[in-house]
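1. sequence and predicted structure below; questions after.
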Amino acid sequence: MQVRQTHSERLTRIVEHAISDVRESFATCDPAIAHHVLYGTVGEHPGHLAIFIAFADAQALSTARHQGLCGRIRQALFRQLAEEGYPTEHLTPSQITFVSTEDIEVAQGPWPLFR
């Protein structure tokens, strides 16, 4: 069991570091990323990764999509995850979901929003 926990912790650290780096590199974008939620059990299987990138409200999310910002963030996250050593064969676009903070509040958490 200790091996699995170590593997899980390593993958979680990789994901958290990648998200942090990408958020930093997009910090001056408008609209800005309001926050993120890391959801999933990457220790069980790397394909169980779910990242929610939240913008302040529905208008900011719509603007980010229209400007192509969501796609650029997703590409940057995949690139950073690969550079950090995350098993890329398990990455799919659906693992990164873009939402508004309003969406998360209405759904009472991110899981119902997972697409």
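-> Nice, I can see it.

2. packing partners for the longest helix along the chain?
-> If you go by DSSP state H, the chain has its longest helix at helix 2-25. If you count contacts as 3 or more CB pairs under 8 Å, 6 or more residues apart in numbering; DSSP states H and E, helix 2-25 packs onto strand 33-40, strand 49-55, helix 69-84. Every C-beta, even on glycine, is put in place using the N, C-alpha and C of the backbone.

3. got the angle between the longest one and strand 49-55?
-> Angle of helix 69-84 versus strand 49-55, following axes from the mean of the first three to the mean of the last three CA atoms, to 10 degrees, is 140 degrees.

4. show the pLDDT at the residue most central in space within the chain.
-> Taking CA atoms, centre = their mean, the centroid of the chain lies closest to Ile51, which sits 2.9 Å from it. Per-residue confidence at Ile51 stands at 92 (pLDDT).

5. can you check Arg10 too?
-> pLDDT at Arg10 comes out at 88.

6. tell me how many other residues surround it.
-> When neighbours are counted by other CB atoms under 10 Å, Arg10 registers 15.

7. buried ones in stretch 85-105?
-> Tyr86, Leu91, Gln95, Ile96, Thr97, Phe98, Val99, Ser100, Thr101, Glu102, Asp103, Ile104 (16 or more other CB atoms under 10 Å).

8. in those, find the pair that's most separated.
-> The largest distance within the buried residues of stretch 85-105, taken as CB to CB, falls between Tyr86 and Glu102 and amounts to 29.8 Å.

9. which single one of the buried residues of stretch 85-105 is nearest to Ala34?
-> Thr101 (5.4 Å).
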